[in-house]
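In: okay, sequence plus prediction incoming.
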Number of protein chains: 2
Amino acid sequence: MSALVTSGTRVLPEWIDYNGHLMDGYYFVAFSDATEAVLEALGFGPAYRERTGHTIYTAEAHLTFLREVSLDTELSVATQVIDHDAKRIHVIHDMVDAATGERLATADLMFLHVDQSTGKVVPMPADQASRVESMAAAHADLPRPPELGRYVGMRRG
Amino acid sequence: MSALVTSGTRVLPEWIDYNGHLMDGYYFVAFSDATEAVLEALGFGPAYRERTGHTIYTAEAHLTFLREVSLDTELSVATQVIDHDAKRIHVIHDMVDAATGERLATADLMFLHVDQSTGKVVPMPADQASRVESMAAAHADLPRPPELGRYVGMRRG
């Protein structure tokens, strides 16, 4: 099987910085459609939150910026489930220029399953857990982006 | 000396997600004023880019989300220079609720000094390098946020 692909996001004028390119913070906003798509596919869309009072929070995110991105560029994001347990899902998004296929950025994300009434991180229900398990199994043999698991710091020497 | 503090950013309605809180991507956008302030203080504002054709790009960013943030919250961000060399600056932003002092999020950032005409990472000029050096020295003894240097991944055990 292949990664979950989300297409159709375009770089908006309000996302451009004084250098004329997509501003760092808006790369993360541009990844939102892909985050919504993967959470929807796993059964964690808005309807789930309304029904259960449980939802997914992002706990941590690591972004790498591989290329400058211009206004109107159409983006395509491939998402892989990397790891998971009863309460957490680790995914990585890999963003390319939909027209050229050039890699633009990655976002490594840790999601937590939270009970909004208590603010506590709690196990997912069986249906959602099994969807996460299936997607993780389907993605297990995909090549992983080399940006996976990086930290911000200077490597010297 | 103390960290560079940037105040006055408020959480805007368009930054709120369907959970009623600041959406993950917009935390990064909310850090923009602090990024601009530190780059301006180091001599890398828009005037520098116009004069030299050189500028600062963000290469990598690691965000941690410590608390939910509501509409209209006033944010205050303390920025420390963590590390630097001739071409790179590593800073961490620590965001708190300006009213309560509660910690909300961090952003660990690696900046590169880039010649826009070639796209290459190049050494900073002496004036800017000395400002970076001074700020790094002033911040060297500050306590560092525990979120510094993290990666996205599951620690088990």
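Out: All right, it came through fine.

In: where are the low-confidence patches of chain A?
Out: A:1, A:157 (pLDDT under 70).

In: run the chain-centre distance for the biggest helix by length in it.
Out: Using DSSP state H to define each element, chain A has its longest helix at helix A:126-139. With CA atoms, centre = their mean, to the nearest Å as the basis, helix A:126-139 stands 16 Å off its chain's centre.

In: stretch A:129-141 now?
Out: Here the centre of stretch A:129-141 is set off from its chain's centre by 15 Å, with CA atoms, centre = their mean.

In: and stretch A:145-154, is it in reach of chain B?
Out: Yes - counting by CB under 8 Å from any CB of the partner chain, chain B has neighbours in stretch A:145-154: A:149-154. From N, CA and C alone the C-beta is placed, and that goes for glycine too.

In: touching, residue A:105 and residue A:92? I think so.
Out: No - look at residue A:105 against residue A:92 with CB atoms under 8 Å: they stay out of range, at 11.1 Å.

In: residue A:83: how many residues sit nearby?
Out: By other CB atoms under 10 Å in any protein chain shown, the residues close to residue A:83 number 15.

In: now it: which helix or strand?
Out: Using DSSP states H and E, residue A:83 maps to strand A:74-84.

In: sorry, back to before: hmm, the longest helix of chain A touching chain B?
Out: No - on the criterion CB under 8 Å from any CB, helix A:126-139 is out of touch with chain B, staying 12.1 Å away.

In: quick revisit: mind putting the residues of stretch A:145-154 next to chain B in a markdown table, neighbour count and secondary structure included?
Out: As requested, the residues of stretch A:145-154 next to chain B are arranged in a markdown table below (neighbours: other CB atoms under 10 Å in any protein chain shown; DSSP: H, G, I helix; E, B strand; the rest coil):
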| residue | neighbour count | secondary structure |
| --- | --- | --- |
| A:149 | 15 | coil |
| A:150 | 18 | coil |
| A:151 | 16 | strand |
| A:152 | 24 | coil |
| A:153 | 16 | coil |
| A:154 | 13 | coil |
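
In: part of a strand, is residue A:50?
Out: No - under the criterion used here (DSSP: H, G, I helix; E, B strand; the rest coil), residue A:50 is helix, not part of a strand.

In: and for it, the neighbour number?
Out: For residue A:50, using other CB under 10 Å, the count is 10.

In: same question, residue A:126
Out: Neighbour tally, residue A:126, other CB under 10 Å: 8.

In: that older thread, same for the longest helix of chain A, what does it pack against?
Out: If contacts are counted by 3 or more CB pairs under 8 Å, 6 or more residues apart in numbering or on different chains; DSSP states H and E, helix A:126-139 sits against strand A:74-84.

In: ranges for the helices of chain A?
Out: Shown for chain A, the helices assigned by DSSP H span residues A:24-30, A:32-41, A:46-52, A:126-139.

In: which one of those lies nearest to residue B:76?
Out: helix A:24-30 (17.5 Å; CB to CB).

In: mind giving me the packing neighbours of that closest one?
Out: Secondary elements touching helix A:24-30 (3+ CB pairs under 8 Å, 6+ apart): strand A:54-65, strand A:103-115, helix B:24-30, helix B:32-41, strand B:54-65.

In: which residues touch it?
Out: A:9, A:11, A:15, A:17, A:22, A:61, A:63, A:65, A:69, A:75, A:95, A:104-105, A:107, B:23-32, B:35, B:58, B:61, B:63, B:109 (CB atoms under 8 Å, 6 or more residues apart in numbering or on different chains).

In: how near is the closest residue to residue A:80 other than its chain neighbours to chain B?
Out: Nearest non-adjacent residue to residue A:80, counting by CB to CB, 6 or more residues apart in numbering or on different chains: residue A:139, 4.5 Å away. Between residue A:139 and chain B the computed distance is 15 Å (CB to the nearest CB, to the nearest Å).

In: which of the residues of stretch A:145-154 next to chain B lies closest to residue B:80?
Out: residue A:152 (12.8 Å).

In: partner residues bridging the nearest residue to that closest one once chain neighbours are set aside?
Out: Excluding the flanking residues, the one nearest residue A:152 by CB to CB, 6+ apart is residue B:108, at 4.1 Å. Beta-bridge pairing for residue B:108 (DSSP bridges): residue B:62, residue B:92.

In: to residue B:88, which of the helices of chain A lies closest?
Out: The closest of the helices of chain A to residue B:88 is helix A:24-30. By CB to CB, the value is 15.1 Å.

In: for the closest one, which positions count as buried?
Out: Going by neighbour count (16 or more other CB atoms under 10 Å in any protein chain shown), the buried part of helix A:24-30 is A:24-30.
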